[in-house]
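# when you get a sec, could you give me coordinates for this:
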Amino acid sequence: MITERIQYILGYSKKEFTQRNESESDVVKKFKELVAGLDLPRNDDRYLLRWLRARDFDLLKAEKMLRNHLEWRKKYQVADLTDDWKPIEVLQKCYPVGIIGEDKSGSPVWLIRHGKLDIRGILQAVTIEEFVRYTVWMLEKSARIMERQRSN
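The predicted structure is shown next:
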């Protein structure tokens, strides 16, 4: 049900999202050449297609968006946020969050108890950068889980 809702919001059916037509394949090929020198977290066509679709297949806008994204990832050292990374203790104790299972497609389901979250207290104990880094770690962890499931 969640997947169908996301597909509705994005305007793509599951088939459209996972498959490309011939003109999209040509644009992906050109985009791949355009960003060939960049250090991408993933270099598959599906990853590159995300950026193109987000900018209506405008190569220059998609490249700019991707470069901005890579700069942001570098700033927050996202590549260092592996499954072994441990957030600082106050976030582990005061940010009630965790994976509680999987949905029908095998994607992780996170429970974040915002009602139990003392955001003022947390932000007095940690920097905004540490808080953002912890949030990004959770998202990256989900992405790694989904990527492993997709490759199986």
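
# so where is this protein shaky, pLDDT-wise?
For the chain, the stretches flagged by pLDDT under 70 are 1-21, 150, 152.

# which stretches of it form helices?
If you assign secondary structure with DSSP state H, the helices in the chain sit at 2-10, 14-18, 22-34, 45-54, 59-75, 89-94, 119-125, 128-151.

# of the ones you listed, which is nearest residue 107?
For the helices of the chain, the distance to residue 107 is smallest for helix 128-151, at 5.5 Å, taking CB to CB. The way it works is simple: take the backbone N, C-alpha and C, and place the C-beta from them, glycine included.

# buried ones in the closest one?
Residues of helix 128-151 classed as buried by neighbour count (16 or more other CB atoms under 10 Å): 130-131, 133-138, 140-141, 145.

# centre of the chain to that helix, how far?
Taking CA atoms, centre = their mean, to the nearest Å, one finds the center of helix 128-151 at 7 Å from the center of the full chain.

# quick one: it to helix 45-54, angle?
What separates the directions of helix 128-151 and helix 45-54 is an angle of 120 degrees, with axes from the mean of the first three to the mean of the last three CA atoms, to 10 degrees.

# count residues in the vicinity of residue 66, would you?
22 (other CB atoms under 10 Å).

# quick one: residues contacting residue 94.
Under the criterion of CB atoms under 8 Å, 6 or more residues apart in numbering, the neighbours of residue 94 are 117-118, 121-122, 125.

# what's the most distant pair in the buried residues of helix 128-151?
Taking CB to CB as the measure, the buried residues of helix 128-151 reach their widest spread between 130 and 145, a distance of 23.0 Å.
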